[in-house]
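Chemist: no sequence on hand, only this structure:
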Ligand code: 5AD
Ligand code: SF4
């Protein structure tokens, strides 16, 4: 599964392999790891490479260029990338002419060190330097290994029309901003993705319209912190906030669903919630990472809110957008966290009634505020136990959340066949819950159906079609 921004980031590694090949062109192969933003970036990379006469291939062994778009969020993510590089090395033994490139957050974090540490790597390119790829590839073909990890204050790739990779033709992600100006003490992202900048809203609306015309029916607006999106026209007084942008995209067509991720609790405004109320096609779902339920730990994490403040925000969401599902990111075993403080995280999961969460053990990242200021002193066995308790409780809360939907009708956008059975479709409801139901003749992905929910697991709703278009 791919996660919304936080890595739905998170936790899982997603492999993205490109579709189709065209004869005669040089071929590239790309794998992506980490958050949805990285997957979205790979689609920008694919577009830049297409312009440079490369065509995508799903077969690594026939590629002239092998790319890996990397994540640095936890140590494990980086270990996975190193393992994949070993595999690429084996492929290169049979195809010595192939070039190997490392893109994304790990490229940015390690810079030239990557070339020293990984002798097989030919190019290292950070998240803001993808336009330089054709030049770096050209140089590498001439034997000159290269690095570009320049972080920009302006680059948003606004003019680049992403080549959709591995697409279901129904749902797509649109990057609306880049970078992050928050300084959560645990997080490497501000160092790997640079300063926050917002993309021209008119290019975002144009991309959404184009997707709609091509049959897509859902877009997810992506940013590390979408609620701090802001754009101002240099020549006029025109200003666009995230709430305005949501309304603009929702206005593309009533049949185009709009989602967004990730929201920082400190930045999400009432105006965003009003926009959700006004437009039926803005989905009733907010990913609102809490990270910890304890105020002392939240302060050490530099999240800028405490438990009460977060709870007031959740109450406001449920008040203004009844039926909204809220999900979270949670870190177990942050520096100096006690068992009692961990209990506060558990009680928050129950209190907030999260529909789901992405849950992690704290992993110290070099260069972050926490690495500099605090000791990573929670024993690994304690971290593991706390994480397991968090997962067990969230599973139970998710199950109860889903049970409350039994008997209800919900509108589902069909995304494709169920993973388990060709006789069943799968799609999502407004609350971002996966719904599986028996197919009916004539229906196809991209269409909306009304489904009566009859059963559930902690991860899926099961039902049958009540009515179709
Ligand atoms: N250790 C563990 N989890 C982390 N996250 C970010 N940095 C770390 C870290 N150092 C988690 C946070 C964030 C999500 C994308 O990843 O929960 O919201
Ligand atoms: Fe995404 Fe980079 Fe953060 Fe990984 S480190 S989750 S790729 S922004």
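Modeler: Looks like it came in fine. These numbers come from a predicted model, not from an experiment. Ligands and ions are numbered 1, 2, ... in the order given.
Chemist: tell me the mean pLDDT over the lengthiest helix in the chain?
Modeler: Identified as the longest helix of the chain according to DSSP state H is helix 380-403. What helix 380-403 shows for mean pLDDT is 98.
Chemist: same check, this time on stretch 146-163
Modeler: Across stretch 146-163, pLDDT averages out at 96.
Chemist: how long is that stretch from one end to the other?
Modeler: End-to-end span of stretch 146-163 (C-alpha to C-alpha, to the nearest Å): 25 Å.
Chemist: that one near ligand 2 anywhere?
Modeler: No: residues of stretch 146-163 are not located near ligand 2 by C-beta under 6 Å from any ligand atom, the shortest gap being 12.6 Å. Where you see a C-beta, it was placed from the backbone N, CA and C, and this is true even at glycine.
Chemist: if you count neighbours, what's buried in that stretch?
Modeler: 146-149, 151-152, 155-158, 160, 162-163 (16 or more other C-beta atoms under 10 Å).
Chemist: next one: stretch 112-129
Modeler: Applying 16+ other C-beta under 10 Å to stretch 112-129 flags 114-115, 118, 120-129 as buried.
Chemist: mind putting the residues you listed in TSV, distance to ligand 1 and pLDDT included?
Modeler: Putting the buried residues of stretch 112-129 into TSV (distance: C-beta to the nearest ligand atom, whole Å; pLDDT from 0 to 100) gives the following:
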residue	distance to ligand 1	pLDDT
114	20	95
115	25	94
118	23	92
120	28	93
121	24	96
122	29	97
123	26	97
124	22	98
125	22	98
126	18	98
127	15	98
128	19	98
129	23	98
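Chemist: these in helices, which ones?
Modeler: 114, 115.
Chemist: which of the buried residues of stretch 112-129 sits closest to residue 355?
Modeler: If you rank those by distance to residue 355 using C-beta to C-beta, residue 127 comes first, at 29.9 Å.
Chemist: will you turn the buried residues of stretch 146-163 into CSV that also has distance to residue 181 and secondary structure?
Modeler: CSV is the format used below for the buried residues of stretch 146-163 (distance: C-beta to C-beta, whole Å; DSSP: H, G, I helix; E, B strand; the rest coil):
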residue, distance to residue 181, secondary structure
146, 29, strand
147, 25, strand
148, 23, strand
149, 19, coil
151, 13, coil
152, 14, coil
155, 15, coil
156, 15, coil
157, 19, coil
158, 19, coil
160, 23, coil
162, 24, coil
163, 29, coil
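Chemist: just checking: which of those residues also lie near ligand 1?
Modeler: Counting by C-beta under 6 Å from any ligand atom, no member of those reaches ligand 1.
Chemist: can you list the strands that whichever helix or strand comes after the longest helix of the chain pairs with?
Modeler: Going down the chain from helix 380-403, the next helix or strand is strand 409-417, by DSSP states H and E. Strand 409-417 pairs in its sheet with strand 424-428 (antiparallel), strand 448-456 (antiparallel), by DSSP bridges.
Chemist: how about those in JSON lines, adding mean neighbour count?
Modeler: Shown next, in JSON lines, are the strands paired with strand 409-417 (neighbours: other C-beta atoms under 10 Å):
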{"stretch": "strand 424-428", "mean neighbour count": "22"}
{"stretch": "strand 448-456", "mean neighbour count": "18"}
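Chemist: for ligand 2, which of the ones you listed is the nearest?
Modeler: Ligand 2 sits nearest to strand 424-428 of all the strands paired with strand 409-417, at 22.0 Å, using C-beta to the nearest ligand atom.
Chemist: check which element follows that closest one along the chain.
Modeler: Following strand 424-428 toward the C-terminus (DSSP H and E): strand 434-438.
Chemist: can you give me the angle that following strand makes with strand 448-456?
Modeler: Computed with axes from the mean of the first three to the mean of the last three C-alpha atoms, to 10 degrees, the direction of strand 434-438 lies at 100 degrees from that of strand 448-456.
Chemist: quick one: residues in contact with strand 434-438.
Modeler: 410, 412, 418, 420, 423-429, 449, 451, 453, 459-465 (C-beta atoms under 8 Å, 6 or more residues apart in numbering).
Chemist: switch to 10 Å and redo it
Modeler: The contact list for strand 434-438 (C-beta atoms under 10 Å, 6 or more residues apart in numbering) reads 1, 402, 405, 410-415, 417-421, 423-429, 449, 451-457, 459-466.
Chemist: burial of residue 180, as a residue count?
Modeler: 22 (other C-beta atoms under 10 Å).
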